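In: dropping a prediction and its sequence here:
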Amino acid sequence: MAELTGAQAAARAIVAENVSTVFTLADGSILSILDELIDNGVRVIDVRHEQAAGNAADGWGRATRTPGVCLVAMGPGLVNLLPSLVQAYHAGSPVVAITSAAPINMCEMDAFEDIDAVKMVEPYTKWAARCRSANQVTRYMRMAFSYAMSGKKGPVLLEIPKDVQTCECSSAKLTPTSFRPSSGPTGSHSAIQRAVELLASAERPVILAGSGVYWSGASKELVELAELMKSPVASEFHGLGCIPQSHNLSIGNAVMSSIFLRQADVMVTVGARFDNFLGFGTDPNTYAEDVKVVHIDIDPSVIGKNRPVNVGIHGDAKEVLTSMLDYAKTSNLSRKDTSFAEQVRAGYEMISEGFDEEAESDEVPIKPHRLMREIREFAKPNSMFVIDGGDTTAWSLIYLRAEMPGQIIGAQGPLGHLGAGLPIGLAVKVAYPERDVFLISGDGSFFFNGVELETAVRLEIPVITVVCNDMAWGLVYHTRKIKTESEELARRATIINEHVRLDLFAQSLGAHGEMVTKAEDIKPALKRAIDSGKPAVVDVRVSREYESLLSQVLAATPEG
Ligand SMILES: Cc1ncc(C[n+]2csc(CCOP(=O)(O)OP(=O)(O)O)c2C)c(N)n1
Ligand SMILES: [Mg+2]
């Protein structure tokens, strides 16, 4: 038991979690925690906006599946952090946010910058608390990490008031595994048996894999079960890559593969919510009326929420898939018939090839299709992609391929909150310095946090931003255009100044910047961006003429 200050105890608890990097925008109220972190070898990435600190911590959580830690100034700093906590909450990303607060003896006295932080973040954190005594700091930090990492992961907030940080306290040594479960819920054995029997007896099975497979590290088990049952696998956006998209059982993104999902007589949904993108589980264009559904999730509240299920299993994806495999093997339950899987894979490839024709065009302005295919062809097998934007996301998902879990990170999802791309890209590049990290961003989305290029330059984080620049809030423009058939109405509040030069903006901050207007120049520009060794922006001017699938779908809904 060593004598420490509250601030030192907080920093030691972070170090005990093997946290190598934290994200911050500091004020005097958290500097002593940062000092102790730096003295203990933790890398501090100081950004230009608190939202970016939170988004980067979220990005770190998503890319590494370990806690993403951010420290921000109390009061107004924390107010700026809020959007990133909401985003992390929806993504189930383990963000540990730490801030300060006015001294305890100034509570309820209108102290400078004092706000009711716990009340503000409560609906969008798994846990939020104010620690009122230095002797409790270690215990509260332990709780913060425990809540963030246990069960369905998510963000937490801990306030450590200034006077609590300066008080002396005793601190116990921490071993993370000693205060949280080492594995998730395993699911009921009888339900697992029924699920396997249903899958093995199916004529046209489909597995629908979501982010839960990624978070629990269950890709190996997913692929093994699919192979044993000869079952095609569709992926929800945040589960892409858990089965490599080149695998002959992958049918890619579930939204694009809905015509194949509709043919299923048995569907095993694992780690995915039946949300809007999955037609709430009942959309007749995506689901047969009599499809039998097995739903596996670590969060029991999503099972049966939007549609009835035949077997509901409350469990962690890896635990449940492992038990399903064990039971299937010991009971000799498998499927031999590959005809359905072959038929849908062929259909999936045909759809993809259809889009490939579009991507061969030399048209000026550049077709977004062509841009995405050029990026795919240029990238290395281990490159990472962060995607941000409206139509830009829709075009990216047609052409990019995830061959490994976590290779494509949807910065805006599932909340749909634009602008997190660059902070997430920074975090991914810090986590994987040996890989090329591409942020593919809409021009509108880039503007939200584009100033973080300054952070990237200052801290030498060479993330490559490719802006799919249609000089518009494209998704909003297109949706309105389809609905009203009026260019004039579609342009209202959606057009971005075409004279703005994002390449020059990047250069002014010390980054590499290029503008590209012809398709043949895309790959050479990407190569120069990588070779520069600097953070880079490749501003690719694309045509606004083409409507993405997403804009067509949104235009067909009353709320779109
Ligand atoms: C923070 C936030 N503000 C507004 C929106 C609404 N919105 C959805 S798509 C979109 C347009 C995005 O434009 P851009 O990033 O340029 O991508 P594009 O659609 O042009 O490819 C907007 C404004 C949102 N989802 N998130
Ligand atoms: Mg745009």
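Out: It's in. Nothing here was measured: the structure is a model prediction, and the numbers come from that model. Residues are numbered from 1 along each chain as shown. Ligands and ions are numbered 1, 2, ... in the order given.

In: going by C-alpha atoms from here, please, whenever you check contacts or count neighbours.
Out: Will do.

In: contact partners of stretch 403-414?
Out: For stretch 403-414, contacts defined as C-alpha atoms under 8 Å, 6 or more residues apart in numbering pick out 59, 62-63, 87, 90-91, 214, 219, 237-246, 381-389, 393, 402, 417-421, 424.

In: quick check: end-to-end length of that stretch?
Out: 21 Å (C-alpha to C-alpha, to the nearest Å).

In: same question, stretch 310-326
Out: Start-to-end span of stretch 310-326 (C-alpha to C-alpha) is 21 Å.

In: let's test this: mean pLDDT of that stretch, rounded?
Out: Averaged over stretch 310-326, pLDDT sits at 98.

In: quick check: buried residues in it?
Out: For stretch 310-326, burial by neighbour count (16 or more other C-alpha atoms under 10 Å) applies to 310-325.

In: so which residues on the chain come close to ligand 2?
Out: Contact residues, the chain versus ligand 2 (C-alpha under 5 Å from the ion): 442-443, 470, 472-474.

In: show me which of the residues you listed are buried.
Out: Of the members of those, the ones counted as buried by neighbours, 16+ other C-alpha under 10 Å, are 442-443, 470, 472-474.

In: what about the contacts of stretch 403-414, which are in helices?
Out: Cross-referencing the contacts of stretch 403-414 against helices under DSSP state H gives 59, 62-63, 87, 90-91, 214, 219, 393, 421, 424.

In: which of the residues you listed lies closest to ligand 2?
Out: Using C-alpha to the ion, residue 393 comes nearest to ligand 2 of these, at 10.4 Å.

In: setting aside sequence neighbours, what's the nearest residue to the closest one?
Out: Computed as C-alpha to C-alpha, 6 or more residues apart in numbering, the closest residue to residue 393 that is not its neighbour in sequence is residue 387, at 6.0 Å.

In: any idea what the one you found is bridged to?
Out: Judged by DSSP bridges, the bridge partners of residue 387 are residue 410, residue 440.

In: which residues does it contact?
Out: By C-alpha under 8 Å, 6+ apart, the neighbours of residue 387 are 393, 396, 408-412, 421, 439-441.

In: make CSV out of the residues you listed and add distance to ligand 1.
Out: Converted to CSV, the contacts of residue 387 look like this (distance: C-alpha to the nearest ligand atom, whole Å):
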residue, distance to ligand 1
393, 7
396, 10
408, 17
409, 16
410, 12
411, 11
412, 8
421, 10
439, 12
440, 10
441, 6
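
In: Throw those residues into CSV and include neighbour count, thanks.
Out: Listed next are these as CSV, based on neighbours: other C-alpha atoms under 10 Å:
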residue, neighbour count
393, 22
396, 26
408, 26
409, 26
410, 26
411, 32
412, 22
421, 33
439, 28
440, 30
441, 30
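
In: which among the contacts of stretch 403-414 end up buried?
Out: Neighbour-count burial (16+ other C-alpha under 10 Å) is assigned, among the contacts of stretch 403-414, to 59, 62-63, 87, 90-91, 214, 219, 237-245, 383-389, 393, 402, 417-421, 424.

In: re earlier: just the ones of the buried ones among the residues of the chain next to ligand 2 in strands?
Out: Residues of those located in strands (DSSP state E): residue 442.

In: could you pull out the helices for the stretch 51-200 of the chain?
Out: For the stretch 51-200 of the chain, the helices defined by DSSP state H, counting those that start in this stretch occupy 76-91, 117-121, 137-149, 162-166, 189-200.

In: elements contacting the last one?
Out: Identification of packing neighbours for helix 189-200 by 3 or more C-alpha pairs under 8 Å, 6 or more residues apart in numbering; DSSP states H and E yields strand 266-270, strand 311-314, helix 317-330.

In: for ligand 2, what's its nearest residue on the stretch 201-350 of the chain.
Out: Relative to ligand 2, the nearest point of the stretch 201-350 of the chain is residue 237 (20.5 Å; C-alpha to the ion).

In: so who does residue 246 touch?
Out: Neighbours of residue 246 in contact, by C-alpha under 8 Å, 6+ apart: 401, 403.

In: so what does residue 115 have for phi and psi?
Out: Here is the backbone geometry of residue 115 (degrees, to the nearest 10): phi -130, psi 170.

In: quick check: it touching residue 77?
Out: No: counting by C-alpha atoms under 8 Å, residue 115 does not reach residue 77; the two are 10.6 Å apart.

In: isn't residue 162 up against residue 100?
Out: Yes: using C-alpha under 8 Å, residue 162 is in contact with residue 100, at 6.1 Å.

In: who's more crowded, the two?
Out: Shown here are residue 162 and residue 100; by other C-alpha atoms under 10 Å, residue 100 has more neighbours (29 against 21).

In: possible to save the helices of the stretch 51-200 of the chain as CSV with mean pLDDT and distance to ligand 1?
Out: Below are these laid out as CSV (pLDDT from 0 to 100; distance: least, C-alpha to the nearest ligand atom, whole Å):
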stretch, mean pLDDT, distance to ligand 1
helix 76-91, 97, 9
helix 117-121, 95, 18
helix 137-149, 95, 24
helix 162-166, 94, 32
helix 189-200, 98, 37
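
In: tell me which of those helices is the most buried.
Out: Among those, helix 137-149 has the highest mean neighbour count (mean count of other C-alpha atoms under 10 Å), at a mean of 23.

In: does it pack against any helices or strands, and if so which?
Out: Counting contacts by 3+ C-alpha pairs under 8 Å, 6+ apart, helix 137-149 packs against helix 6-16, strand 95-99, strand 156-159.

In: got the helices and strands packed on helix 189-200 as CSV, with distance to residue 526 columns?
Out: Shown next, in CSV, are the helices and strands packed on helix 189-200 (distance: least, C-alpha to C-alpha, whole Å):
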stretch, distance to residue 526
strand 266-270, 37
strand 311-314, 45
helix 317-330, 38
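
In: alright, I will stop here.
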